[in-house]
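Engineer: give me a model of this one.
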Amino acid sequence: MSNTSIYDNPDHELLRDQVARFLAREVEPHAADWEEAGMVPRDVLRRMGQAGLFGLMYESAYGGADADAMTNLVFAEALSQSTYAGFIITVLVHTDMASPHLHHAGSPAQKAKYLKKVIAGELITAVGITEPGAGSDVAGIRTSAKRDGNEWVINGTKMFITNGVHADLYFVAAKTGPGKREMSMFIVEKGTPGFTVGRALKKTGWLSSDTAELVFDNVRVPAAHLLGEEGKGFYSVMKNFQTERIALAAMAVGHCQQALKHTLDYVRQRQAFGGVLWEQQTIRQRLSMLDAKTRAARQFMYHCAWRVTQGHDIVQDVSMLKALTGELVNEVVQTCQQFHGGMGFIRETAVERLWRDARVLAIGGGATEVMLEEVAKRY
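Structural biologist: Numbering: from 1, shown residues only. All right, here's what the predicted structure looks like:
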C-alpha cells in the first residue's frame, strides 16, 4: 500500500519522514503507558511544537510555516500512521480544530499574545462547542455570553471536549443574541474564576486523550477576548469544520491503512486448516476490496484538500468525505479484527485498539447522518 499521491511534492515526503521519525522515537515506545494514564505528556507536545509541527498553516511571523491545506493534510495523514488514536486526536484538536479559530479570526493583539506560544506547544488548546443537548446541531447550543461593561459574562456547560482537562486555552462558542445562529466565539484561559472542569469523561476508545465536561458559572472575560465579530461565531464554526473534517478523514484513512497492514502480516503467517489464512480465497478477496476502497477514499481526501487550495466551496465534498471515511474505517477495522480471530479481542494487539478507536469517527465531528443531510441539501 503506497503512500504516494498525485498531489505530492518533495516537501511532502520530507514532512512524512519527519513525522514518522517523531512517532518512532517519541510516541510508539511510550503510548501504551499514556493509554493507562489517560493523557499525553505535555513535554511530548512541546517537543512537537519545537519541531515545527504545530503551525504548518500559520503565519511565519508567529513561528508558522505559511503552508497550504495540502501540506496540512500530509501532516494529519502521517500522524495517523500511529495506531494510538488518543495521541493523534490530542494533536489534531490542537492543530486543526481549536487553534484555527485563533488563526482565522484572531486580532493582531490576540495573535501576538497567544499564537506564538500555541505554535511552540507552550499553550495547548481546546474548542468548546458541543453541549449535552447540542452536538452536530451547533445552532442548538445554550451557553450564553452577555456584555457587562468591559467584560463578557459566560454561563453554560460544554460536553465531550477533547483536551478539556489539560488545555491552557479554550475557544468557546456562546449565544450572544436571540437569533438561532447568533453566537460568538470567546477566548477563555484556564484558571479564569468560575471556569471549571465538571468531570473527566471515561471513553471506550481514544484512551490517551483527555475528554471533559466544562462548566462556565458567571465566567468573566475581558471584552478583548471576543474572537472575531460579535454574532458571527456560527459561521466561524462552520468554516473551521471543513479543516476539522479533512483531518478526521485523514485519521480514518490512516486507521484503515494500519489495520490492513497488520492484518496482511497476520494472515500470511497464521496457520489454520492445514495452511496459512492467506490461502483462503474469501480472506484474500475481502482484504483486496477493502484496500481498494481505502485507496479510493484517500484520493478523494486529497482532492478535497486540493480544492481548498484553489479557493472552492467544498462543504458538500467534505461532508461526503467525512461520511464516507467514518463508515469505511469501521468496515475495514471490524473485518480486520474478525480475521485476527481471538487475538483481535485482546488488548495487546494493534487491531483491537484500532477497533475501539475507530467507532467514534462515524460520530464525532459530524455524525454520518448529519453529513449526508449536508450533502443532500446541496443538490
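Engineer: helix/strand/coil for residue 311?
Structural biologist: coil (DSSP: H, G, I helix; E, B strand; the rest coil).
Engineer: quick one: contacts for residue 266?
Structural biologist: 277, 339-340, 343, 351 (C-beta atoms under 8 Å, 6 or more residues apart in numbering). The C-beta positions use only the backbone N, C-alpha and C, and glycine is treated the same way.
Engineer: nearest to residue 193 among these?
Structural biologist: residue 351 (46.2 Å; C-beta to C-beta).
Engineer: in which helix or strand does the closest one reside?
Structural biologist: Per DSSP states H and E: residue 351 is located in helix 350-358.
Engineer: how's the protein carved up into domains?
Structural biologist: Following automatic domain parsing, one gets these domains for the chain: 10-123, 126-231, 234-376.
Engineer: adding mean pLDDT, write these out as TSV.
Structural biologist: Below are these laid out as TSV (pLDDT from 0 to 100):
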stretch	mean pLDDT
domain 10-123	95
domain 126-231	93
domain 234-376	93
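Engineer: which other helices and strands contact the helix holding residue 351?
Structural biologist: Packed against helix 350-358 by the contact rule (3 or more C-beta pairs under 8 Å, 6 or more residues apart in numbering; DSSP states H and E) you find helix 85-92, helix 233-269, helix 315-339.
Engineer: phi, psi of the residue nearest to residue 223 when sequence neighbours are not counted?
Structural biologist: Nearest in space to residue 223, with sequence neighbours left out and distances taken as C-beta to C-beta, 6 or more residues apart in numbering, is residue 150 at 5.0 Å. Here is the backbone geometry of residue 150 (degrees, to the nearest 10): phi -90, psi 20.
Engineer: what about residue 150, how many residues close to it?
Structural biologist: 9 (other C-beta atoms under 10 Å).
Engineer: any idea how far it is from residue 177?
Structural biologist: According to C-beta to C-beta, to the nearest Å, residue 150 and residue 177 sit 19 Å apart.
Engineer: quick one on the thing from earlier: write the ChimeraX selection for whichever of the contacts of residue 266 are buried.
Structural biologist: In ChimeraX syntax, the buried subset of those is picked out as below (16 or more other C-beta atoms under 10 Å):
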select :277,339,340,351
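Engineer: would you list the contacts of residue 266 in TSV and tack on distance to residue 327?
Structural biologist: Shown next, in TSV, are these (distance: C-beta to C-beta, whole Å):
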residue	distance to residue 327
277	26
339	19
340	21
343	25
351	18
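Engineer: farthest-separated two in the contacts of residue 266?
Structural biologist: Greatest spatial distance among those (C-beta to C-beta): 277 and 351, at 13.7 Å.
Engineer: for the residue of the chain most remote from its centre, phi and psi?
Structural biologist: Distance from the centre of the chain peaks at residue 274, with 43.8 Å (C-alpha atoms, centre = their mean). Backbone torsions of residue 274, given as degrees, to the nearest 10, read phi 80, psi 10.
Engineer: contacts only, for it.
Structural biologist: By C-beta under 8 Å, 6+ apart, residue 274 lies in contact with nothing.
Engineer: with residue 212 instead?
Structural biologist: Counted by C-beta under 8 Å, 6+ apart, residue 212 has contacts 161, 164-165, 197-201.
Engineer: now with 6 Å?
Structural biologist: With contact taken as C-beta atoms under 6 Å, 6 or more residues apart in numbering, residue 212 is in contact with 161, 164-165, 197, 200.
Engineer: just the element for it, please.
Structural biologist: Judged by DSSP H and E, residue 212 forms part of strand 211-222.
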